[in-house]
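>>> Here you go, sequence then predicted model.
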Amino acid sequence: MTRTYAIPDLHGRLDLLNMALEMIVEHSAGRRGTIVTLGDYVDRGPDSRGVIERLLGWNSSALSLVALKGNHEAMMWEVCNHLAELPEWIRNGADATLASYGEPGDPPSAKVVSPAHIDWIADLPLVHVDDHRLFVHAGVDPEVPPDRQNERTALWMRYPKGHKKGHGRRHVVHGHLADPAAPRVTAGRTNLDGMAWKTGRLVVGVFEDDRPGGASEFLEVIGTPG
């Protein structure tokens, strides 16, 4: 029996990521499995650089890591490639990200961001699909196959209140829709984003790979509020 562990929006909270990874390793008890991080590693919290470096450096013979792209990584990549303006990214929390790279400037500059981190972001997938579930940062169009999802939909979509459907027979696991009361679970999808960067509470979904539907349990990481 294998499991998939889903970690939602971290927003610079390296402390919560480290605690979550330790908890997952202990919970898995040496069994093989997959960790899926649902994007939004940067902005708002104190250590965006550290979060990316931790994910880049992940090394486990038992637990493979799939890091998905979030809309905040997309903004970061666009600014660092001169495809978007820095002030818009700053309005979404980039001042904390740049500070984690050692940028004290006024006005701030995105030149301090590691090129290796920008290259890593460029290669992040939009979705991860297994037999029973589809993992994505924000959401998916149920009429479009998983491998043909529009990037804006996958990174920016907000499900309307009361929406319960997944993607065909697959349960959708996502973040992005910040809700301090997360997890929010319906028959077709699970929202894990509990606004961890601010609340200090990170919810990790545990999914049995041979069993359809939602999580078998949730692991709760409790740190200090942001």
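Here it is on my side, so go on.

>>> Which parts of this structure are strands?
Ranges of strands within the chain are 3-7, 33-37, 63-67, 127-129, 133-136, 171-174, 184-185, 189-191, 201-208, 217-222, based on DSSP state E.

>>> what sits up against the first one?
What it means is strand 3-7. 17, 20, 24, 27-28, 31, 33-38, 63, 130, 133, 135, 173, 192, 202, 204-209, 215-216, 219 (C-beta atoms under 8 Å, 6 or more residues apart in numbering). (Each C-beta comes from the backbone N, C-alpha and C, glycine too.)

>>> Quick check: closest non-adjacent residue to residue 81.
residue 118 (7.3 Å; C-beta to C-beta, 6 or more residues apart in numbering).

>>> List the residues that contact the one you found.
Counting by C-beta under 8 Å, 6+ apart, residue 118 has contacts 76-77, 80-81.

>>> Mind doing that once more with 10 Å?
Going by C-beta atoms under 10 Å, 6 or more residues apart in numbering, residue 118 touches 52, 73, 76-77, 79-81, 110.

>>> Distance check, it against residue 66.
20 Å (C-beta to C-beta, to the nearest Å).

>>> And residue 12, by the same measure?
For residue 12, the distance to residue 66 - C-beta to C-beta - is 20 Å.

>>> Looking at the two, which one has more neighbours?
In this view residue 12 and residue 66 are compared by other C-beta atoms under 10 Å, and residue 12 has more residues nearby, 28 against 17.

>>> Ignoring the adjacent residues along the chain, who's closest to the more buried one?
residue 45 (2.6 Å).

>>> The one you found: neighbouring residues, count only.
Using other C-beta under 10 Å, residue 45 is surrounded by 27 other residues.

>>> hang on, isn't it packed against residue 100?
Yes - counting by C-beta atoms under 10 Å, residue 100 is a contact partner of residue 45 at 8.7 Å.

>>> List the residues that are in contact with both of these two.
12, 14, 51.

>>> How many residues are close by the last one?
The reference is to residue 51. 26.
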